[in-house]
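Peer 1: Sequence and predicted structure are below.
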Number of protein chains: 2
Amino acid sequence: MRASNYLFSTLRDAPSDAVVASHQLMIRAGMIRQVSKGLYTWLPTGVKVLKKVENIVREEMQRAGALEVSMPGVQPAELWQETGRWQKYGPELLRLKDRHDRDYCLGPTHEEVITDITRNELSSYKQLPLNLFQIQTKFRDEVRPRFGVMRSREFLMKDAYSFHISAESLQETYDVMHSAYCKVFDRIGLDYRPVQADTGSIGGAYSHEFHVLADSGEDDIAFSDSSDFAANVELAEAICLKQAPDAPTEEIKEVFTPNCKTIAAVAEFLKLPVEKTVKTMLIKGVDEEGESTIIALVLRGDHTINEIKVEKLKGAVVPFEFASEADIVAKIGCQPGSIGPRGLKEAGVKVVVDRAAAVISDFCAGANKDDYHFTGLNWGRDCDDFEVADIRNVVEGDPSPDGQGSIVIKRGIEVGHIFQLGQTYSEAMKATVLDENGKAQVMHMGCYGIGVSRIVAAAIEQNFDDKGIKWPLAIAPFEVAIVGMNYEKSDSVKEACDELYDALLAQGVDVILDDRKERPGVKFSDCELLGISHRIVVGDRGLKEGTLEYKSRETGDGEDVAVADALAFIQQKLA
Amino acid sequence: MRASNYLFSTLRDAPSDAVVASHQLMIRAGMIRQVSKGLYTWLPTGVKVLKKVENIVREEMQRAGALEVSMPGVQPAELWQETGRWQKYGPELLRLKDRHDRDYCLGPTHEEVITDITRNELSSYKQLPLNLFQIQTKFRDEVRPRFGVMRSREFLMKDAYSFHISAESLQETYDVMHSAYCKVFDRIGLDYRPVQADTGSIGGAYSHEFHVLADSGEDDIAFSDSSDFAANVELAEAICLKQAPDAPTEEIKEVFTPNCKTIAAVAEFLKLPVEKTVKTMLIKGVDEEGESTIIALVLRGDHTINEIKVEKLKGAVVPFEFASEADIVAKIGCQPGSIGPRGLKEAGVKVVVDRAAAVISDFCAGANKDDYHFTGLNWGRDCDDFEVADIRNVVEGDPSPDGQGSIVIKRGIEVGHIFQLGQTYSEAMKATVLDENGKAQVMHMGCYGIGVSRIVAAAIEQNFDDKGIKWPLAIAPFEVAIVGMNYEKSDSVKEACDELYDALLAQGVDVILDDRKERPGVKFSDCELLGISHRIVVGDRGLKEGTLEYKSRETGDGEDVAVADALAFIQQKLA
């Protein structure tokens, strides 16, 4: 590509609503422009990067045996009604009517359509397993689109759906997809982690997210510092190595703690370490007869509650819900800020103590009396008959659940997600095939997503400096830039540029020759802003010595290269 | 690809609503499935063909200097309001509201969005010309979707938009696009014609359509049998080589023609050749003062009126409208079936005679008196003071307007359309750049569409037989099929198949190895239905002789090929 025939559209400044680096840099580098809130046009530089990501994804999906299909973006309501999602799905599902007043939606996902296809096309277990994918623009009507293409309303997605006669076959394809995803992110050149994840609203039993690590990520991920373990913070098990509390050394005392509304305030008022306090929260429960109850959750003062874990407790209401203040006052006789475990059992409240809170001694807790707390409290002696469970979020320094090393927490951007859906959709839509005995069996399903456009933004969040983007080579808009100094006036510069340019093109290198009538400074800063991996400057001064100037965008290192060696030099850099 | 890992989904019968060959064959060959009226899922075989077409289109657009972009499918109403198309565009434009109740549409075309982009990004004539394209799923809410993907609601389209400082620059890029389109259709291997076209509702001045010739086409195209001339029948000029009528030889006679409502009936009743008759139609007009008038159009009895040509007549109402029967009776005193040119001038009706009707003599026409016609009528002697104009559709045998040969008429499927839009959109949206003198100039625009998914259907309409599709090699789902006879049981067949398969894959050949446990008949008919260009059958009987069986899908010709020569043989077929 000659720069004189290209559309740069670079900007010195980013718009004020662009708060994350990738959004700012994608605007400044002329990759995207907003057409309407959360709707973007991708300009040539953006499309070049997007297509490189798309091609890598397609190639690895095909290598993994998946077959490409293309489903409509506009989907009939009837299919969504079959699974009940027409009603259940929130306003992110953009519903619309056609000219005949029939109901449709803009597809944010395609479980219904693909299950409809396969229940018609597949009749025998012999046709399984089958893995179908598409790469397609999807629409999700985000209430607050933000961060550029990271959370836009239209986005490019690779979604795949696999069909199986058994859970074992599903597991096999799931593993193949897991490794194909690793190949995709390896090839792109990203620092990423597959993490255990919650399956959320899409349903199903087992799932991994793929996160690109970056400070701007929206998710917290818990890693082991010594092994491959990685899980969404919400899912990571909090291990407690200590088996039981130490023996009591203090007497229980009721102390006056006026105006202390939080456990931190109590600890400060009483000059106690927060690890020697517990906080007690009351949530709504339901007993075996279906009657409303209250459950007390007891955590160490410095820990936070994990709602997903709590929802798995027997008798807890799903979704998680705190008891109302009125209920608490009526049942316990004090405000929520003074609740403590001692005496709750007698008030008919089941007590669940977090593992870490269950192994402390001589601690402080609410006295179930406004403005009073206990100190010197000890399990067993002062308070018994409680359950112990894992109900908190892990924190840095916790032991890793796999027994190797300790937890560190980093932020991640989710760019991929694989699910074992099981039979959720196939059962609702009666998608069966005949098994070896001629009996109809509901198929098992997996689904596998990659946010193609989001990868572009995530790659930037992980690779930029104050000058611009530093693309991994595999997805750089151009691999090499040749910058001609005074190209339009110097015949020798023009000749050297054109010769190298033609030689690189002939080798299939994605090269841009900057032949514009612009100052060198403009050309250099465009090169850096766009993140072109390798730069060769061709000038009269160097040519007199028979050299060209090379600079790496990644390391910033430069060196002079003999004109005669330039082609081989670059080929080696690209190898 | 191994057939055992592929999804065939071939069917013996097409659904009853599939009336054209491409629709029937795309369903039967497992290329598409209907999800909802006019909405299709493309299955693996369909996607393979579609992607091949898409890649050829992309490559030729890039070679022609166009840059790829990607605009949103959901477009804000505000932009369409700027050009007035929000109101003007019919119900084909699917309008919708987002969760915040803002107005959007699903884009059937992108003139507004691209003009909005370029008015912001472009500031100087130095950035021009610029040609931006995208390949994208579009939506048009057809009232009656039909013919499969030929007229579906969602379809894959390549649309490009060029921007220029002058009409001359637009003409240059237009010519480049014209030749790029020819390269696309040449490479795909289609019998097509670029034809002069009307610009229709999209506006602008100059336009060509690209038609794939096929009997099932919806458009009539007039060609010269001796030159490159081709035009939509509605646009082709009707030339008349005869300069003036012959001298009268008959006297004018008023004859009784009871119950003859059409000119054909009159000719038969009077035993006259229909070329010796004229028919006269009255249409609505408007005079220079804006008063309603009536204009008479006189055509030879065997010719048909061309409304587009009539609308260009001075004083004709646009859109074209016939005068009401009541007006005719009031003004002329007879029913429409008995109208003729003689005496109309005296009734205050302007008479326009088609070129071909103006050079006949001794002819028959209505007598402006119910159930009476004149015979022996002659221009000049019996009726004068009329205009002569080209107001009819060309017919086969007419002289070609370029002076070379005669017209033949064939049916075509429109697969591409290029327009010179001029300044229609750029003016409405104030899209200007500064010229050499620093003065703001409204840009000139061109737009260029290719129906990517429609090409797939059109290619089938032109290439099929009773066994299935006969793809041009460039877009066949597979170039070569290797059919193993008894593959799963015969080691020698398996070995020969695998060896040839691996060798072809290594050469980059798109080959499918049919290793399924199916009867040979099933494999052969799938091959033929799918239209795979070259077939190699590997069987034990042949292998004993050291040969494989080759068959061409295009010609149906077969021959035996020595195992050792097979690779070279196929390579030569693909060359």
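Peer 2: In hand now; what should we look at?

Peer 1: Next, count neighbours for the closest residue to A:Asn232 other than its chain neighbours.
Peer 2: In space, and not counting its chain neighbours, A:Asn232 is closest to A:Ala197: 5.1 Å by Cβ to Cβ, 6 or more residues apart in numbering or on different chains. Just so you know, the C-beta spots here come from the backbone N, C-alpha and C atoms, and that holds for glycine as well. The number of residues packed near A:Ala197 is 23, by other Cβ atoms under 10 Å in any protein chain shown.

Peer 1: cool, A:Lys183 as well?
Peer 2: Neighbour count for A:Lys183, taken as other Cβ under 10 Å: 14.

Peer 1: Give me the distance between the helix or strand it falls within and the centre of its chain.
Peer 2: Assigned by DSSP states H and E, A:Lys183 falls within helix A:167-188. Computed by Cα atoms, centre = their mean, to the nearest Å, the chain-centroid distance of helix A:167-188 equals 17 Å.

Peer 1: Quick check: pLDDT value at the residue lying closest to A:Asp540 once chain neighbours are set aside.
Peer 2: Of all residues beyond its chain neighbours, the one nearest A:Asp540 is A:Ser490 (5.4 Å), with distances taken as Cβ to Cβ, 6+ apart. The score at A:Ser490 is 95. That number is its pLDDT.

Peer 1: before we move on, what about A:Asn259?
Peer 2: Listed pLDDT for A:Asn259 reads 88.

Peer 1: Look at the residue nearest to the spatial centre of chain A and tell me its secondary structure.
Peer 2: The residue lying closest to the centre of chain A (Cα atoms, centre = their mean) is A:Glu414, at 1.7 Å. Classification of A:Glu414 by DSSP: H, G, I helix; E, B strand; the rest coil places it in strand.

Peer 1: how near is the closest residue in space to A:Val176 that isn't next to it in sequence to chain B?
Peer 2: Closest residue to A:Val176 apart from its sequence neighbours, by Cβ to Cβ, 6+ apart: A:Ala64 at 5.3 Å. Distance from A:Ala64 to chain B, counting by Cβ to the nearest Cβ, to the nearest Å: 11 Å.

Peer 1: Identify the residues contacting the helix holding A:Lys183?
Peer 2: Helix A:167-188 has contacts (Cβ atoms under 8 Å, 6 or more residues apart in numbering or on different chains) with A:53, A:56-57, A:60-61, A:63-65, A:128-129, A:131, A:160, A:162, A:164, A:192, A:194, A:206, A:208, A:210, A:212, A:415-416, A:418, A:420, A:422, A:444-446, A:448, A:450, A:455, A:459, A:472, A:474-475.

Peer 1: which among those residues end up buried?
Peer 2: A:53, A:56-57, A:60-61, A:64-65, A:128-129, A:131, A:160, A:162, A:164, A:192, A:194, A:206, A:208, A:210, A:212, A:415-416, A:418, A:420, A:422, A:444-446, A:448, A:450, A:455, A:459, A:472, A:474-475 (16 or more other Cβ atoms under 10 Å in any protein chain shown).

Peer 1: Does A:Thr115 lie in a helix or a strand, and which?
Peer 2: Using DSSP H and E, A:Thr115 maps to helix A:111-121.

Peer 1: That helix: how far from the chain's middle?
Peer 2: Relative to the chain's own centre, helix A:111-121 is displaced by 28 Å; criterion: Cα atoms, centre = their mean.

Peer 1: Show me what counts as buried in that helix.
Peer 2: Neighbour counts over helix A:111-121 (16+ other Cβ under 10 Å) mark A:Glu111, A:Glu112, A:Val113, A:Ile114, A:Thr115, A:Asp116, A:Ile117, A:Thr118, A:Arg119, A:Glu121 as buried.

Peer 1: Name the nearest residue to the fourth one, ignoring sequence neighbours.
Peer 2: Think A:Ile114. Excluding the flanking residues, the one nearest A:Ile114 by Cβ to Cβ, 6+ apart is A:Tyr161, at 4.4 Å.

Peer 1: Adjacent strands (with direction) for the strand or helix carrying the one you found?
Peer 2: Assigned by DSSP H and E, A:Tyr161 falls within strand A:154-164. Sheet partners assigned to strand A:154-164 using DSSP bridges are listed as strand A:130-139 (antiparallel), strand A:444-451 (antiparallel).

Peer 1: Using a markdown table, lay out those together with mean pLDDT.
Peer 2: Output for these, formatted as a markdown table (pLDDT from 0 to 100):
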| stretch | mean pLDDT |
| --- | --- |
| strand A:130-139 | 97 |
| strand A:444-451 | 97 |
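
Peer 1: does any part of stretch A:77-91 sit near chain B?
Peer 2: Yes. Counting by Cβ under 8 Å from any Cβ of the partner chain, chain B has neighbours in stretch A:77-91: A:Glu78, A:Leu79, A:Pro91.

Peer 1: excluding its backbone neighbours, what's nearest the second one?
Peer 2: Meaning A:Leu79. Nearest to A:Leu79 is A:Glu112, by Cβ to Cβ, 6+ apart, at 3.9 Å.

Peer 1: What does the pLDDT read for that neighbour?
Peer 2: A:Glu112 is given a pLDDT of 96.

Peer 1: Just confirm it contacts A:Gln75, I think it does.
Peer 2: Yes. Counting by Cβ atoms under 8 Å, A:Gln75 is a contact partner of A:Glu112 at 6.9 Å.

Peer 1: can you tell me the distance between the two ends of stretch A:340-349?
Peer 2: One end of stretch A:340-349 to the other measures 11 Å (Cα to Cα, to the nearest Å).
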